[in-house]
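Participant: From the sequence below, what's the structure:
(one chain, ligands or ions: 1)
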Amino acid sequence: MSDAPASKCPFAAGGPADPRDPFRAAREQEGILRVRAEGEDLPLVLRLQDVRKTCKDWKTFSNDDPLMIVLHSEADVRSVRQLPIETDPPQHTAYRKLVEPLFRRPQQPDYLADLRAMVRDKVRDALAADEIEAVRGLALPLQSHGLTRLLGVPDAEAATWIGWGTHVYRDGDDPAAKGSVIDTYFHQAFARATDPEANDFFSFLNHVEFEGRRLTEEEKHGFAHMTFAGGRDTVINTLSSIVAYVAEHPDALAFLRADEERITTAAEEFVRFVSPVTAIARRCPHGGDLPGTQTPIPAGGRVALCWPSANRDTAVFKDADQVVLDRAPNPHVGFGFGAHNCLGQHQARALIRSLLHELCDQVSRIELVEAVPEIEEESSYRRQSGYAKLRVRFFS
Ligand code: HEM
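Facilitator: Residues are numbered from 1 along each chain as shown. Next comes the predicted model:
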């Protein structure tokens, strides 16, 4: 959901009304915040150490909970369990090992060079235009073309994915219709992927041997759903927030140019600061107490890990409300923590760093024309996770 009024001060961070950190008071006082979801007032875990401990204790706080990994059930948009996320070890370990090599491709030099060339062209296009809308006109195309490289499919596929908008389920008025569009797309993509030697995501899943057998249709679709649901708005919100930040902080690019290492630290800092994933849930089949706060959870109850709150924990991060472009160390949990930490983090980092490099190389300043925050509304908080609209002008 998005806010109607335009804000020209998107990074007015740190005050009690900071729309990116509505968890501050609860984090400092109780360490949890209850939120209404699926008929339950479940606790969000707000402090960094508590989030880490909860992630580690997967026997108590389980991911084996199909369709429920986010706060609200996704039964209206998908019928398959997302893989590997909605499983626990040892099943999770085996599923993750199977696909991990695919997700590590962005660490290869030729991959990085190709990705950077794509980003270079898109920044050049933005400079050539009088004005762009940076969410749908820059960040969405960047991540769609980026994903074609991760998944090893033709670049032309990006056009279809751009048509889906920023989120495969939630961008649009009718989530069920969108769920069925991507189901149809996945069926066709798997049906086309008949070459056992081909190196793309769909062919790989069609032909790979898993525990002495081929993957079932449900498993293949589970991997595809996770990849497309997890790998789009997350990166898009981070990229567009970077554009907004540079527009609001005219000295930022000069600071980055002065030391190339700062591209790496800045990329991590934007993931910490933006933390585009607000909460991921766990189920407690046998009940238990939440680490740190000792909050009792009944058998069958749910809890949720609140990454953006943990990333603002002043017990860990000095000047937590500020973007510190050379922050080091930066033990953020923007990409999660423990067994389920983000499989797409190499791709996300590669793209974020490429954008920062190309902004440094090609752009002198960005002018903000209009910024409309993307706001998530829940029973106990409203949070800005990115931008619904970001009109800007790029100058060389
Ligand atoms: C800035 C971008 C991103 C952020 C902030 C992010 C955040 C996260 C977080 C917080 C988790 C942990 C979930 C948990 O513990 O339950 C996660 C897991 C995951 N992410 Fe990402 N993500 C990003 C990009 C991507 C991309 C680009 C992809 C794929 C193309 C992706 C695929 C996944 C997968 C498959 C998992 C599950 C891993 C597992 O269960 O072992 N993510 N992500």
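
Participant: By proximity to the ligand, which residue of this protein wins?
Facilitator: When distances are taken as Cβ to the nearest ligand atom, the chain reaches nearest to the ligand at residue 344, 1.9 Å away. To be clear about C-beta, it is placed using only N, CA and C from the backbone, and glycine gets the same treatment.

Participant: hang on, that residue packs against residue 232?
Facilitator: No - taking Cβ atoms under 8 Å as the definition, residue 344 is not a contact partner of residue 232, at 9.8 Å.

Participant: Who has more neighbours out of the two?
Facilitator: residue 232 (25 against 20; other Cβ atoms under 10 Å).

Participant: Pull the contacting residues for that one.
Facilitator: Taking Cβ atoms under 8 Å, 6 or more residues apart in numbering, we find residue 232 in contact with 143, 144, 147, 161, 164, 166, 167, 168.

Participant: swap the cut-off to 7 Å and go again
Facilitator: 143, 166, 167, 168 (Cβ atoms under 7 Å, 6 or more residues apart in numbering).

Participant: wouldn't the last one be in contact with residue 229 here?
Facilitator: Yes - the pair residue 168 and residue 229 passes the contact test of Cβ atoms under 7 Å, sitting 5.5 Å apart.

Participant: Could you check which of these two has the larger neighbour count?
Facilitator: Neighbours were counted for residue 168 and for residue 229 using other Cβ under 10 Å; residue 168 has more, 26 against 22.

Participant: On the three-state scheme, the more buried one is what?
Facilitator: coil (DSSP: H, G, I helix; E, B strand; the rest coil).

Participant: quick one: which helix or strand includes the nearest residue to residue 261 once chain neighbours are set aside?
Facilitator: Using Cβ to Cβ, 6 or more residues apart in numbering and skipping the chain neighbours, the partner closest in space to residue 261 is residue 326 (7.7 Å). Using DSSP states H and E, residue 326 is not contained in any helix or strand.

Participant: what's the answer for residue 359, then?
Facilitator: helix 345-362.

Participant: Then residue 267?
Facilitator: According to DSSP H and E, residue 267 maps onto helix 261-274.

Participant: what sits up against that helix?
Facilitator: Helix 261-274 is contacted by residues 237-238, 241-242, 255-256, 311, 323-328, 330, 332, 334-335, 349, 352-353, 356-357, 386 when judged by Cβ under 7 Å, 6+ apart.

Participant: As a check, name the ranges of all helices in the stretch 51-200 of the chain.
Facilitator: 91-103, 109-128, 140-151, 157-163, 175-192 (DSSP state H, counting those that start in this stretch).

Participant: The stretch 251-396 of the chain too?
Facilitator: Under DSSP H, counting those that start in this stretch, the stretch 251-396 of the chain gives helices at 252-257, 261-274, 307-310, 345-362.

Participant: Most tightly packed of those helices?
Facilitator: helix 307-310 (a mean of 27; mean count of other Cβ atoms under 10 Å).

Participant: on that earlier part again, C-alpha coordinates for the helix holding residue 359, PDB please?
Facilitator: Output of helix 345-362 as PDB, limited to C-alpha atoms (Å, rounded to 0.1, in the frame of the first residue of the first chain):
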ATOM      1  CA  GLN A 345      22.400 -12.100  -1.300                       C
ATOM      2  CA  HIS A 346      25.200 -12.500  -3.800                       C
ATOM      3  CA  GLN A 347      23.000 -11.300  -6.600                       C
ATOM      4  CA  ALA A 348      21.600  -8.500  -4.500                       C
ATOM      5  CA  ARG A 349      25.000  -7.300  -3.500                       C
ATOM      6  CA  ALA A 350      26.400  -7.500  -7.000                       C
ATOM      7  CA  LEU A 351      23.500  -5.300  -8.300                       C
ATOM      8  CA  ILE A 352      23.600  -2.800  -5.500                       C
ATOM      9  CA  ARG A 353      27.400  -2.400  -5.800                       C
ATOM     10  CA  SER A 354      27.100  -2.100  -9.600                       C
ATOM     11  CA  LEU A 355      24.500   0.700  -9.300                       C
ATOM     12  CA  LEU A 356      26.700   2.500  -6.800                       C
ATOM     13  CA  HIS A 357      29.800   2.200  -9.100                       C
ATOM     14  CA  GLU A 358      27.800   3.500 -12.100                       C
ATOM     15  CA  LEU A 359      26.300   6.400 -10.200                       C
ATOM     16  CA  CYS A 360      29.900   7.300  -9.100                       C
ATOM     17  CA  ASP A 361      31.200   7.000 -12.700                       C
ATOM     18  CA  GLN A 362      28.500   8.700 -14.600                       C
END
